[in-house]
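Student: Just the structure for this:
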Amino acid sequence: MFSRKTGIITLFSNLVVMFWAMVAQAYVGLCCAHCGGNMPLNIFGGGIPEPHEFRFKISQMFMEMGPLRDGTSDILSTTLVGMANGNTFPSVPRSMQKHMTMIGGAYSFTDKFAVMAMTNYTANSMPMEVKPSMGTNFTMKSDGIGDITLLGKYRLYADDPLVPTSQLSTVFGISIPSGNIEKKFSNSTVSGVNGTLLPYKMQLGSGTVDPIIALTYQGSRDPFWWGVNTKLQAHIYNNIQGYRRGQEFFYDFYFMKQVHDKWVIHTQLNGSWEGKMSREAYSGRILGHGHKSTSPANNFTSPLFDPNNYGGHKVGISLGAQFQPVPMQIIELTATLPLYQNLNGPQMRDNWMLRLSYYFEVPTKKSRRYKGFSAPKELGF
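Tutor: Residues are numbered from 1 along each chain as shown. Alright, predicted model coming up:
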């Protein structure tokens, strides 16, 4: 009789523990409770890991750009091909493909403070329309390591220190200029161009140490998560080529819903504003790279060399899904399409972007979660 009662009590206790865990999982989402549930992996600086835990993320991004746009109007590249007279150019971009592999890691020291680091490897490809008398069409290319970003994240406010449903955080740090900004032509069909400097956005970094500051709000109510993120990346001095990028401001709104124990879907509104390049690169301004007959006094051979043909305001919409194959690991696929683009052109506009990410958390021996699941104290064991 005693054994039967003990068995019933044990079974009931296990059912209570399992129910409690299921409720917690539905409330928490796919990542840890301390992170506030879920956040799209493509949004900058998301989540603070549990104290004394590592977090890693690997992403592969595919992006297609084109056609050319000036303001809010698209332009056919063929209409700009001609003599270098300021309105037409011997070489004009038709499209652009960007493939970027991004890796990042984070470590949390306390409930409020974490550090992060990230970098990327980028491959750019830009098919060019060339004036027939100057050469044949070719594809401009560049690839290599991008800039390294070092960040700290501090939680300014949370309604609950362990399982927040409303929290506000700030991110601060710098971008270190590890990306090459002196990449040169190597396969141009136009005479005298190989060995000269590639245009700005074919370069792999900014060339300057850039301060970064961001502000992130996250909210949740089972089974929903939402938030807003803002980020400023400032360019405050000239690089070795004598120019600096325009200031960059980003904003994101997101909304997520957990539709299954292992699945979360999300939608986002992603915006960015970027200023023009400060001035022409030294290699163009002084050595004549990107100018007709390599003379600085002559017109540009492509709109890509004009520092005024950069920057503008972009707004896009993203749809994505997260899947949890095992606890503390997430796979996410996100697709982005443009809604609005007002560009300082002519320049390449965004067409579409696809991003696949893999995220995982690694508790250390000091972590609360390293000890495994503990039953509620109310159960007495």
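Student: Retrieve the pLDDT associated with residue 218.
Tutor: You'll see residue 218 listed with a pLDDT of 91.
Student: That one belongs to a strand?
Tutor: Yes: with DSSP: H, G, I helix; E, B strand; the rest coil as the criterion, residue 218 is part of a strand.
Student: Span of stretch 88-101 from start to end?
Tutor: End-to-end distance for stretch 88-101, by C-alpha to C-alpha, to the nearest Å: 35 Å.
Student: what's the offset of that stretch from the middle of its chain?
Tutor: 20 Å (C-alpha atoms, centre = their mean, to the nearest Å).
Student: Helices of the stretch 1-150 of the chain, start to end?
Tutor: Using DSSP state H, counting those that start in this stretch, the helices of the stretch 1-150 of the chain run over 2-28.
Student: The stretch 201-350 of the chain now?
Tutor: Going by DSSP H, counting those that start in this stretch, the stretch 201-350 of the chain shows helices at 282-285.
Student: Enumerate every residue touching residue 340.
Tutor: Applying C-beta atoms under 8 Å, 6 or more residues apart in numbering to residue 340 gives the contacts 72, 313-315. Backbone N, C-alpha and C define where each C-beta goes, glycine included.
Student: Please check the residues you listed and keep the buried ones.
Tutor: residue 314 (16 or more other C-beta atoms under 10 Å).
Student: So which of the contacts of residue 340 sit within strands?
Tutor: 313-315 (DSSP state E).
Student: Which one of the contacts of residue 340 is nearest to residue 101?
Tutor: Closest approach between the contacts of residue 340 and residue 101, by C-beta to C-beta: residue 314, at 22.6 Å.
Student: Residue 269 is in contact with the closest one, correct?
Tutor: No: with contact defined as C-beta atoms under 8 Å, residue 314 does not count as touching residue 269 (11.4 Å).
Student: report the longest strand in this structure, please.
Tutor: strand 329-363.
Student: May I see the buried residues of that strand?
Tutor: 330-332, 334, 336, 338, 341-350, 353, 355, 357, 359-361, 363.
Student: what does stretch 205-225 give?
Tutor: Those would be 205-208, 210, 212, 214-220, 223, 225, for stretch 205-225 by 16+ other C-beta under 10 Å.
Student: Show the end-to-end separation of it, please.
Tutor: 34 Å.
Student: Run through the strands of the stretch 201-350 of the chain in chain order.
Tutor: 210-221, 224-233, 248-260, 263-274, 312-323, 329-363 (DSSP state E, counting those that start in this stretch).
Student: of these, which approaches residue 134 most closely?
Tutor: Once those are compared by C-beta to C-beta, strand 329-363 is nearest, at 18.6 Å.
Student: which residue ranges form the strands in the stretch 51-200 of the chain?
Tutor: Going by DSSP E, counting those that start in this stretch, the stretch 51-200 of the chain shows strands at 53-71, 73-75, 91-93, 96-108, 113-130, 138-145, 148-158, 166-176.
Student: State the distance from the most centrally placed residue in the chain to residue 368.
Tutor: Geometric centre of the chain, nearest residue: residue 42, 5.5 Å, by C-alpha atoms, centre = their mean. According to C-beta to C-beta, to the nearest Å, residue 42 and residue 368 sit 28 Å apart.
Student: now do residue 308
Tutor: Using C-beta to C-beta, residue 308 is found at 54 Å from residue 368.
Student: repeat for residue 186
Tutor: 53 Å.
Student: show me what contacts the residue nearest to the centre of the chain?
Tutor: Contacts of residue 42 (C-beta under 8 Å, 6+ apart): 59, 268, 318, 320, 332, 334, 355, 357.
Student: and the two most separated of the residues you listed?
Tutor: Every pair of these checked by C-beta to C-beta; the farthest is 59 and 268, at 15.1 Å.
Student: ok, back up a step: and which of the contacts of residue 42 is nearest residue 201?
Tutor: Nearest member of the contacts of residue 42 to residue 201, counting by C-beta to C-beta, is residue 355, at 19.0 Å.
Student: Which one of the strands of the stretch 51-200 of the chain lies nearest to residue 300?
Tutor: strand 91-93 (9.5 Å).
Student: That closest one: partners in the sheet, and parallel or antiparallel?
Tutor: With DSSP bridges as the test, strand 91-93 is paired with strand 113-130 (antiparallel).
Student: The strand it pairs with - what's its average pLDDT?
Tutor: Strand 113-130 comes out with an average pLDDT of 96.
Student: Show me which positions of that strand end up buried.
Tutor: Result for strand 113-130 [16+ other C-beta under 10 Å]: buried residues 114, 116, 118-120, 122, 124, 126, 128-130.
Student: Take these and write them to TSV, including distance to residue 141.
Tutor: Output for those, formatted as TSV (distance: C-beta to C-beta, whole Å):
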residue	distance to residue 141
114	37
116	31
118	24
119	20
120	17
122	11
124	7
126	7
128	11
129	16
130	15
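Student: quick one, what contacts residue 119?
Tutor: With contacts defined as C-beta under 8 Å, 6+ apart, residue 119 is in contact with 102-104, 145-149, 178.
Student: on that earlier part again, of all the buried residues of stretch 205-225, which comes closest to residue 83?
Tutor: residue 207 (32.0 Å).
Student: what's the closest non-adjacent residue to the closest one?
Tutor: residue 239 (2.8 Å; C-beta to C-beta, 6 or more residues apart in numbering).
Student: what number of residues lie near that neighbour?
Tutor: By the criterion of other C-beta atoms under 10 Å, residue 239 has 21 neighbours.
Student: ditto for residue 180
Tutor: 17.
Student: residue ranges with poor pLDDT in the stretch 1-150 of the chain?
Tutor: For the stretch 1-150 of the chain, applying pLDDT under 70 flags the ranges 1-38, 45-49.
Student: what's the answer for the stretch 251-381 of the chain, then?
Tutor: 371-381.
Student: quick one on the thing from earlier: looking at the buried residues of stretch 205-225, which is nearest residue 294?
Tutor: residue 207 (22.2 Å).
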